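J.: let me see the structure of the following:
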Amino acid sequence: SSGYFLGAAMLLILPWIQSLHQTRGDSQDAATTYAESYEDATVKVNWVTGDYAARLSTALLSGGGVDVFENNGIAVDQAQQGRYADLTDIMEPVKDQFNEASLGPVTIDGKIWGIPMILDPQHFYYRKSLFEKAGIEPPTTFDDLVAAATELTTPDQKGLFLGNNYDASSWAMVWAAGGSPMNEAKDAVGYNTPGYAEGLGSIQQMIKDDVLLTGAPSDWADPAAFAAGLAAITWGGCWALPALEGALDDIGVFPHPAVGSDGRQVAFMGSWNEQVAGNSEKTDAATAFAKWLWVDQTDHQTDWALSYGFHIPPITAVADQAEALKEGNGLEIATMAKDMGVTGPPEYTGDIGTPRDDAISNILKNGADPAEELAKAEEASNRAIGS
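T.: This is a model prediction of the structure:
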């Protein structure tokens, strides 16, 4: 991972997912341009490479001169310990301008700790020509997806790529199956639904039927396997769109289909967010800069999201005006993000999520019973919440 410091010590980070599709030099140039165009303070840029997460954690703990930083995971304990500045005052008046789902990952107990910078919807890519030849419509239910993948499997091409461990879409499936990571009160998990067990069982069946691609040279986040024609459908992220459209002329997209009778179509969104260090000696100036860049400067927001990769600006009006999002697959992805985007809450920590992760692995790798595994995972996750 890599990033850059701004100001005497203002820190931002180039997302790893974005760095797949742009050069570090381009990003550095962009950061410098943004910094130099700010008139209310002198902003110094110093690029950071290596283990960004560790460097950031150390800086926030020690008060090591960090004023502004980018983060893709708001930690509840760090907010409670004062390592983040509370940005509610600047975000409350404008939060209705942001994609609603984008605010979930930066909100804890009604307080907003970050400004969403980019959104990365995840969804399915498919080959339109193969669908048209077979008379298949883009699936809206998981049963339809299974049927399409099965029909499009040939000796030379698998029907569907869900990652080499078969689990690439299993997080989005939580919502698509009528659940959520946690309940509204945040005192219990909500992923264990009948639909989730049903959907995971369907993946098990596709594994048995040899419908799913596995052993690909690169995993699902890299579009190479799909671009090489190894599967007719793949789970992927919006960041892959430029590479796929450059390699193939028949790319289409659709959201995660509804799973089970209580399911719904969804697009899971990763995000990166601007934050201000709680121990900064320049909190007011840093907050003003963060607001200027990620709320007020719509040109910079569009530039950062779409000039060096493909991402969705979190401010709805900015996304609506971006040329790359006005037609074709760009419009389809932006519409998914706006109409059916979902994101996980910061309260869903690693300790809470590990039992689910282990259950998914046991279900998909070892053929364990989905309902039994999810029930055990739910109990363990809830114990972690109460511990």
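J.: quick check: can you name the pairing partners of the helix or strand harbouring Gly236 and their directions?
T.: Assessed by DSSP states H and E, Gly236 sits inside strand 231-237. Paired with strand 231-237 in the same sheet, following DSSP bridges, are strand 115-127 (antiparallel), strand 158-161 (parallel).
J.: pick the most buried one from the ones you listed.
T.: For the strands paired with strand 231-237, the largest average neighbour count (mean count of other Cβ atoms under 10 Å) is found in strand 115-127, namely a mean of 26. Every residue, glycine included, has its C-beta placed from N, CA and C.
J.: now the element after that one, going C-ward?
T.: Later in the chain than strand 115-127, the nearest helix or strand by DSSP H and E is helix 128-134.
J.: by contact count, what packs against the very next helix or strand once past that next one?
T.: Using DSSP H and E, the helix or strand that follows helix 128-134 towards the C-terminus is helix 142-151. Packing partners of helix 142-151 (3 or more Cβ pairs under 8 Å, 6 or more residues apart in numbering; DSSP states H and E): helix 128-134, strand 158-161, helix 194-208, strand 231-237.
J.: I'd say Leu213 and Ala225 touch.
T.: Yes. Taking contacts as Cβ atoms under 8 Å, Leu213 lies within contact range of Ala225: 6.8 Å.
J.: neighbour count: these two, which is higher?
T.: Taking neighbours as other Cβ atoms under 10 Å, Leu213 and Ala225 compare with Leu213 leading, 25 against 22.
J.: contact partners for the more buried one?
T.: Residues counted as contacts of Leu213 (Cβ atoms under 8 Å, 6 or more residues apart in numbering) are Lys158, Leu160, Phe161, Ala225, Leu230, Ala231, Thr234.
J.: ok, back up a step: just put the helices and strands packed on helix 142-151 in CSV and tack on mean pLDDT.
T.: Output for the helices and strands packed on helix 142-151, formatted as CSV (pLDDT from 0 to 100):
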stretch, mean pLDDT
helix 128-134, 98
strand 158-161, 98
helix 194-208, 98
strand 231-237, 98
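J.: closest to Gly278 out of these?
T.: For Gly278, the closest of those is strand 231-237, at 31.2 Å, according to Cβ to Cβ.
J.: once you drop chain neighbours, what's closest to Gly330?
T.: Among residues not flanking Gly330 along the chain, Ala324 sits closest, at 4.8 Å (Cβ to Cβ, 6 or more residues apart in numbering).
J.: how confident was the prediction at the one you found?
T.: Looking at Ala324, its pLDDT is 97.
J.: also Asn165?
T.: Predicted confidence (pLDDT) for Asn165: 97.
J.: hmm, Leu364 and it touching each other?
T.: Yes. With contact defined as Cβ under 8 Å, Asn165 reaches Leu364; the gap is 6.8 Å.
J.: so the two - more neighbours on which side?
T.: Shown here are Asn165 and Leu364; by other Cβ under 10 Å, Leu364 has more neighbours (21 against 14).
J.: would TSV of the strands paired with strand 231-237 with distance to Phe69 be doable?
T.: Formatted as TSV, the strands paired with strand 231-237 follow (distance: least, Cβ to Cβ, whole Å):
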stretch	distance to Phe69
strand 115-127	11
strand 158-161	35
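J.: relative to Val259, which of the ones you listed is closest?
T.: Nearest of the strands paired with strand 231-237 to Val259, taken as Cβ to Cβ: strand 115-127 at 13.1 Å.
J.: test my guess that Tyr34 contacts Trp292.
T.: No. Using Cβ under 8 Å, Tyr34 is not in contact with Trp292, being 9.5 Å away.
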